[in-house]
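Student: Sharing a model prediction with you, sequence too.
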There are 2 protein chains.
Amino acid sequence: MAATTGDPGLSKLQFAPFSSALDVGFWHELTQKKLNEYRLDEAPKDIKGYYYNGDSAGLPARLTLEFSAFDMSAPTPARCCPAVGTLYNTNTLESFKTADKKLLLEQAANEIWESIRSGAALENPVLLNKFLLLTFADLKKYHFYYWFCYPALCLPESLPLIRGPVGLDQRFSLKQIQALECAYDNLCQTEGVTALPYFLIKYDENTVLVSLLKCYSDFFQGQRTKITIGVYDPCNLAQYPGWPLRNFLVLAAHRWSSSFQSVEVLCFRDRTMQGARDVAHSIIFEVKLPEMAFSPDCPKAVGWEKNQKGGMGPRMVNLSECMDPKRLAESSVDLNLKLMCWRLVPTLDLDKVVSVKCLLLGAGTLGCNVARTLMGWGVRHITFVDNAKISYSNPVRQPLYEFEDCLGGGKPKALAAADRLQKIFPGVNTRGFNMSIPMPGHPVNFSSVTLEQARKDVEQLEQLIENHDVIFLLMDTRESRWLPAVIAASKRKLVINAALGFDTFVVMRHGLKKPKQQGAGDLCPNHPVASADLLGSSLFANIPGYKLGCYFCNDVVAPGDSTRDRTLDQQCTVSRPGLAMIAGALAVELMVSVLQHPEGGYAIASSSEDRMNEPPTSLGLVPHQVLDHYEREGFNFLAKVFNSSHSFLEDLTGLTLLHQETQAAEIWDMSDDETF
Amino acid sequence: MAATTGDPGLSKLQFAPFSSALDVGFWHELTQKKLNEYRLDEAPKDIKGYYYNGDSAGLPARLTLEFSAFDMSAPTPARCCPAVGTLYNTNTLESFKTADKKLLLEQAANEIWESIRSGAALENPVLLNKFLLLTFADLKKYHFYYWFCYPALCLPESLPLIRGPVGLDQRFSLKQIQALECAYDNLCQTEGVTALPYFLIKYDENTVLVSLLKCYSDFFQGQRTKITIGVYDPCNLAQYPGWPLRNFLVLAAHRWSSSFQSVEVLCFRDRTMQGARDVAHSIIFEVKLPEMAFSPDCPKAVGWEKNQKGGMGPRMVNLSECMDPKRLAESSVDLNLKLMCWRLVPTLDLDKVVSVKCLLLGAGTLGCNVARTLMGWGVRHITFVDNAKISYSNPVRQPLYEFEDCLGGGKPKALAAADRLQKIFPGVNTRGFNMSIPMPGHPVNFSSVTLEQARKDVEQLEQLIENHDVIFLLMDTRESRWLPAVIAASKRKLVINAALGFDTFVVMRHGLKKPKQQGAGDLCPNHPVASADLLGSSLFANIPGYKLGCYFCNDVVAPGDSTRDRTLDQQCTVSRPGLAMIAGALAVELMVSVLQHPEGGYAIASSSEDRMNEPPTSLGLVPHQVLDHYEREGFNFLAKVFNSSHSFLEDLTGLTLLHQETQAAEIWDMSDDETF
């Protein structure tokens, strides 16, 4: 209860303040606005709330803000009264704390005072219902700090009660009450509003008239010492009016105190009790109108809301406790990403990253680290392919597995990796395929791998590559990269390849050849540098994406079975432990950078002398024939490759010829030497 | 049963082959030898097995290899007979498969034959008990491939049985049996051996004499057409002798067939039945001695063991199934590390890495990645300090947490991180401390942080730093690095610092000042470049570790509260997601490199022009005064720092003066310009 000061002779009028009622929807919408629209903008924003005069007894007078608060053209709920506000959302808790609340209140009071003096408030009484909301949204913790203010101008003296307050039914007959209801409803309808915050009343025993403030001169004509005004009152208390009356009384005093000595106030309360309308519990009283007609200065104002402890201080809501945890996780993950767009990389197109579908071939050291980095980037669609089981040495280096996954022979990696992603972030769309990738030099027509199985594996792999946007090659042998590289090239999918040495690694994107319909026949299909192109271009020019090579472009040996004769320490896991994290992270960052380029996989490789070791022409042509054969013969061609020794692919691609020529050249050189 | 060929008139002697019995302890020891000693060495190794002649009926004749097989001086178990062998452990499954088993057998047979011809086998009959073991240890899977061979020289013709075999009790009286036992035991005792593999026997109705092979000429003097020999027989079968007899018969034929036509063989079997000794079930028989006295060439040999399917092929044991999973995890983790030492970095001192105790200050994005890389390097002692709880945005970027850890307000990070390490690798020794690190500019004498709590936190931190070898600074503010940097400098602990920007990061080691007793008073304590030192040294010389700076050496602003006024996107987690993995991995790799240096934290920073931006002298001196004050005043000094604004530290360190001088210089410059 805020008491006014003044004449001790009569009992003084006191007002019930508003309780701010900030809905979860409001905070959710504020979060979205902050993340996507306001970002670092701290400028004041218009918002809109409402209050109701039909609450059951016991409820505080609430000013409610919902998700719709940010839409100034959103309709006000039925039978509710709008209030217009200003949102001051700060970027930091510190600015929230140090905001000059006195100044903000004074500014708002001045606006209200000006609207009273200018008559604008008569035309549009909602201007009296102004509120302020100071907020800081800690979106990392879903903690919202806020301080609500409904500025109320103070009258220069106390308001002595001349009569009342009493219930309306003690002053009005049933007939008068019904006439009031009818007149109020008609005016609302005429004006097309849900409620009238402030109105004028004239009544006698038979009639009750209601009018708009702007019509006061006509309406009050003939009145003597007293006028009656109505206020849409959110308060429930029998002895006190609610806060909205305060600024209206200041208006009345300023406008009408020169003509009238007192004002009768109807606090209009309009509830439904047991299915019937009830305005009889409205209260009515009469107060002396203080003399304010000629005061030019804005009166002092009050209105900052007390906090839950009853002191002057901000409130905080912790929404993380009441949100659905999975939904909370999703928005939290989005948060970090969206923050990047605020200031650091405003042009970042997050959708391109978040929506990309990634196929990870290999769920080992590299695969786990790539998957984790993808999650960090908000990628929601991650598929694993691997045929290995988790062994005891894996968990310390493969960050999706734990000791328990190794028991009983070990879970299949691809499935366990997908399970773990779900545990890390339930919003991810992930699957694992426990399957082998057929490889050159790993025959498919004997031992346990049948030709039929290989055919199925190839089809499965083709399907998987078709259904994803980016293919990561993260296996532990060179030859297992061959088939997916060929299929992905044929399907024009972006390929990111990573491979580890002991203290070296390679992270690269494969060139993306031009779409088939664009006369690709003239270009080297998989991959890039057709001789004519190469000869015509400077070695130090930037290379367009469609001319970039693949993992095999620089090799002079076709892929074969590299696992047959390797000692334990020659296997890829013998690598400095930090390397896989670095390579995995870089692979994803490379993908993100490529995706951000307007041409995507066709992005030009930026110029740098040490990156310009283009493959020589004869090698640049190597994979051409491979892709041709794959597209013409399909699995029959692949089966030959799987079952053959090196020589098949080397014959096909011309490497055999190259080797022979090199050898011949060496021999010639030697004899040449001897003749000197 | 291996049959000999020859005369169909008489029934032929057949022999029961050995079953190899390779104990788990053998494979474990082989693993250790391979990892730590043999590495890539494929040279044949001497090993030692044994067999027993007292098994219960039904057991196969086993040649047993235990963990002690690699120690040629290890004692042979009581009452067992030793066998000497050669281990061929290959580096790859491929070399295992392609090993020339025929050649290996021939070589071994030749050695046996030579020992027979030279008489060495008479002196040392164990030379007849030779075996080969070809192995490939797949230490990644704990699959052990092996092929056992007990080479048996073949006699040129079949061995017709003249008499027997019958049980000894059908030929010897009880008295004779007891005399045999007694004579055999006495000879063992005289010779100091656990068993006699081969021996000579002479007997009549009352006495039984036993002698060594080397005494044959004296012992057999006076014998006519027949001699009696004894063989320690691992076989249980009533009709067949075991495999060891074969080479002995060849020796007998070569040595004695010119003098004797037949040989009586006692297959000496010596078991304990119901508490009583029983040799009566030994078998005895007589065979014709083939004429071999003058054959110079080594007879052909047999002996490769059949596999479980009864075919000629290797066997495999999968020990991962029967090992204690936690122990298996430990050795698997060690494996990858030890493999590095084989060829790639033979000088790598793994113990220095594995035994290091790491304190991670911060268990967020960086802390999780550093911990994972440390696990990859086999570090067993990892302690976390953090005061935060896991929030919903963490798991996708902080690879020790999952969605479930965020529920109910979130688990404390430090504790959850330690729990997760245990789940990844149960062998790790890890703890988490949920505590705050007092910071400059974060006052400790009001709000919830009391001075008393700060004092406890400082003491706790001092204790933790004291108890660890390497301190990682992985927090998300600049000022939280201040106190641990000071304490660690005072305690001469290696500090590795990592910090993230949006797309930049720093990973550095702090300089380690010289030990206090070495006249450190002359040097800049925390840290490095005393003016005299700096002036005397070239800017482009290598910098010794004790002259390197710390995180604060390059700053011209003292650490204060940097979190007070930061917007959401200015907080450190707004960072390219791949960055923390890269920085975390590099921080650990840096630590490992420093630890490998003979001077550890005092290692010189290698020369490189772009790394040589030494801090200017005036800044180089900055932390000097800080360390002095800390060591003199302890917590009282710290409390001043925590409660003061920037100016306290800046005044103390001379930064205030520097700022003033800079400003003065700038003003002078401006007026200088104007005069022109």
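Tutor: Thanks, I have the structure now. Numbering: from 1, shown residues only, chains lettered A, B, ... in the order given.

Student: contacts, neighbours, all on C-alpha from now
Tutor: Will do.

Student: What values do phi and psi take at the residue nearest the centre of chain A?
Tutor: In chain A, the C-alpha nearest the mean C-alpha coordinate belongs to A:D334, at 5.2 Å (Cα atoms, centre = their mean). Main-chain torsions, A:D334, degrees, to the nearest 10: phi -60, psi -40.

Student: neighbours of the residue lying closest to it once chain neighbours are set aside, just the number please.
Tutor: In space, and not counting its chain neighbours, A:D334 is closest to A:G378: 6.8 Å by Cα to Cα, 6 or more residues apart in numbering or on different chains. A count of neighbours around A:G378, defined by other Cα atoms under 10 Å in any protein chain shown, yields 27.

Student: show me what contacts A:G378?
Tutor: A:V333, A:D334, A:L337, A:V353, A:V354 (Cα atoms under 8 Å, 6 or more residues apart in numbering or on different chains).

Student: what's the spacing between the first one and B:Y392?
Tutor: Here the criterion is Cα to Cα, to the nearest Å. By it, A:V333 lies 7 Å from B:Y392.

Student: Name the surrounding residues that touch stretch A:262-281.
Tutor: Applying Cα under 8 Å, 6+ apart, the set of residues contacting stretch A:262-281 is A:53-56, A:167-169, A:177, A:181, A:225-236, A:238, A:241, A:282-289.

Student: 7 Å instead, please
Tutor: A:53-55, A:167-169, A:177, A:225-233, A:241, A:282-289 (Cα atoms under 7 Å, 6 or more residues apart in numbering or on different chains).

Student: Just the buried residues of the residues you listed.
Tutor: Among the contacts of stretch A:262-281, those classed as buried by 16 or more other Cα atoms under 10 Å in any protein chain shown are A:53-55, A:167-169, A:177, A:226-233, A:241, A:282-289.

Student: Tell me which of the residues you listed fall in helices.
Tutor: A:I177 (DSSP state H).

Student: which ones among the buried ones among the contacts of stretch A:262-281 are found in strands?
Tutor: Cross-referencing the buried ones among the contacts of stretch A:262-281 against strands under DSSP state E gives A:167, A:226-232, A:283-288.

Student: Switch the residues you listed over to CSV; also include distance to chain B.
Tutor: As requested, these are exported to CSV (distance: Cα to the nearest Cα, whole Å):
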residue, distance to chain B
A:G167, 49
A:K226, 55
A:I227, 53
A:T228, 52
A:I229, 48
A:G230, 46
A:V231, 43
A:Y232, 41
A:I283, 47
A:I284, 49
A:F285, 48
A:E286, 49
A:V287, 47
A:K288, 48
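
Student: okay if I get these as TSV plus pLDDT?
Tutor: Formatted as TSV, those follow (pLDDT from 0 to 100):
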residue	pLDDT
A:G167	94
A:K226	85
A:I227	91
A:T228	94
A:I229	95
A:G230	96
A:V231	96
A:Y232	96
A:I283	95
A:I284	95
A:F285	94
A:E286	93
A:V287	91
A:K288	89
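
Student: Pretty sure A:A329 sits against B:N394.
Tutor: No: assessed by Cα atoms under 7 Å, A:A329 is found out of contact with B:N394, at 8.9 Å.

Student: Would you point out the most distant pair within the contacts of A:G378?
Tutor: Across the contacts of A:G378, the longest distance by Cα to Cα is 13.4 Å; it joins A:V333 and A:V353.

Student: neighbour-wise, which of these two wins?
Tutor: A:V333 (25 against 20).

Student: roughly how far apart are that one and chain B?
Tutor: 5 Å (Cα to the nearest Cα, to the nearest Å).

Student: Name the nearest residue to that residue, sequence neighbours excluded.
Tutor: B:S393 (4.7 Å).

Student: Checking that neighbour next. Helix, strand or coil?
Tutor: coil (DSSP: H, G, I helix; E, B strand; the rest coil).

Student: Residues contacting stretch A:584-598, please?
Tutor: Residues contacting stretch A:584-598 (Cα under 7 Å, 6+ apart): A:349, A:352-353, A:366, A:369-370, A:373-374, A:496, A:498, A:507, A:600-601, A:603, B:578, B:581-582.

Student: Just the buried subset of the residues you listed, please.
Tutor: In those, the ones that pass as buried (16+ other Cα under 10 Å) are A:353, A:366, A:369-370, A:373-374, A:496, A:498, A:507, A:600-601, A:603, B:578, B:581-582.

Student: A:G409: which of these is nearest?
Tutor: Using Cα to Cα, the buried ones among the contacts of stretch A:584-598 come closest to A:G409 at A:L366, 21.7 Å.

Student: show me what contacts that closest one?
Tutor: A:L474, A:A580, A:G584.

Student: That one belongs to a strand?
Tutor: No: applying three-state DSSP, one finds A:L366 to be helix, outside a strand.

Student: Could you measure from it over to B:V588?
Tutor: 18 Å.

Student: same check, this time on A:E650
Tutor: Distance, A:E650 to B:V588, using Cα to Cα: 42 Å.

Student: Show me how chain A divides into domains.
Tutor: When chain A is parsed with automatic domain parsing, its domains come out as A:2-154+A:304-321, A:161-300, A:349-612+A:619-664.

Student: Let me know the distance separating A:S19 from A:P314.
Tutor: 13 Å.

Student: how many neighbours does A:R255 have?
Tutor: With other Cα under 10 Å as criterion, A:R255 counts 20.

Student: What of A:G376?
Tutor: Neighbours of A:G376 (other Cα under 10 Å): 25.

Student: Tell me where the model's unsure across the stretch 451-600 of chain A.
Tutor: A:516-547, A:549, A:551-573 (pLDDT under 70).

Student: All the strands of it, in order from the start?
Tutor: A:470-473, A:494-500, A:505-509 (DSSP state E, counting those that start in this stretch).

Student: Just to check, A:K326 is in contact with A:V428?
Tutor: No: taking contacts as Cα under 7 Å, A:K326 lies outside contact range of A:V428: 10.7 Å.

Student: Is there proximity between the one helix or strand A:F136 maps to and chain B?
Tutor: Under the criterion of DSSP states H and E, A:F136 resides in strand A:130-138. No: interface with chain B: strand A:130-138 contributes nothing (Cα under 7 Å from any Cα of the partner chain), its closest point being 7.6 Å away.

Student: Report the distance from that strand to the chain centre.
Tutor: 21 Å (Cα atoms, centre = their mean, to the nearest Å).

Student: quick one: the very next helix or strand once past it near chain B?
Tutor: Later in the chain than strand A:130-138, the nearest helix or strand by DSSP H and E is strand A:143-153. No: Strand A:143-153 lies apart from chain B when judged by Cα under 7 Å from any Cα; the minimum separation is 11.9 Å.

Student: Check which helices and strands strand A:143-153 is in contact with.
Tutor: helix A:101-118, strand A:130-138, helix A:245-256, strand A:301-304, strand A:315-318 (3 or more Cα pairs under 7 Å, 6 or more residues apart in numbering or on different chains; DSSP states H and E).

Student: out of the ones you listed, which comes closest to B:S95?
Tutor: Distance to B:S95, taken as Cα to Cα, is lowest for strand A:130-138 among the helices and strands packed on strand A:143-153, at 63.5 Å.

Student: one step back: ok, which pair from the buried ones among the contacts of stretch A:584-598 is furthest apart?
Tutor: Between any two of those (Cα to Cα), the greatest distance is 25.9 Å, for A:A603 and B:M581.
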